[in-house]
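Chemist: sharing a model that was predicted from the sequence below.
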Amino acid sequence: MYIQGTPEFEHHVKTYGPHKDFGYKDFIPMFRAEKFQPEEWIRLFKKAGARYVVPVAEHHDGFQMYKSEISHWNAFEMGPKRWQSVTNMTHLCSGRQSWTLSVDSLRM
């Protein structure tokens, strides 16, 4: 999205305008997750025979997918309040003895 000359960069500029006017942070209010169904994910994991569930807890840019005291840059405060993937997945996976739940951070 930020690398000039790439199709992603060109699409962004054509669709949203220059990055100085509309950057990554401006997408966050658009993130509504109205179709997010964590129960459906759990059914799919079970059907696939998964033994490990590892949602990404924090994106490489520091955007956290849970309520956090570390930063306000998180899905709870900036995104839809009902969408906390880590909290939802932890709750739904608890009690399943054959599963291991872990979380991953892509922060660099």
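Modeler: Happy to help now that I have it.
Chemist: quick check, central residue of this structure?
Modeler: Met65 (5.3 Å; C-alpha atoms, centre = their mean).
Chemist: what about that residue, distance to Val54?
Modeler: Using C-beta to C-beta, to the nearest Å, Met65 is found at 12 Å from Val54. To be clear about C-beta, it is placed using only N, CA and C from the backbone, and glycine gets the same treatment.
Chemist: where do the domain boundaries of this structure fall?
Modeler: What the record gives for the chain is the domain set 1-30, 37-108, from automatic domain parsing.
Chemist: could you work out the end-to-end span of the shortest one for me?
Modeler: Spelled out, that is domain 1-30. Using C-alpha to C-alpha, to the nearest Å, one end of domain 1-30 lies 17 Å from the other.
Chemist: give me the buried positions along it.
Modeler: His12 (16 or more other C-beta atoms under 10 Å).
Chemist: mind checking how far that domain is from the chain centre?
Modeler: Relative to the centre of its chain, domain 1-30 is centred 19 Å away, using C-alpha atoms, centre = their mean, to the nearest Å.
Chemist: repeat for stretch 62-80
Modeler: 10 Å.
Chemist: with stretch 54-65 instead?
Modeler: For stretch 54-65, the distance to the chain centre is 6 Å (C-alpha atoms, centre = their mean).
Chemist: on that earlier part again, touching both of Met65 and Val54, which residues are there?
Modeler: Taking C-beta atoms under 8 Å, 6 or more residues apart in numbering as the contact rule, Met65 and Val54 touch no residue in common.
Chemist: in this structure the residue nearest to the centre of the chain contacts Ser71, no?
Modeler: No: at 11.9 Å, Met65 does not count as touching Ser71 under the criterion of C-beta atoms under 8 Å.
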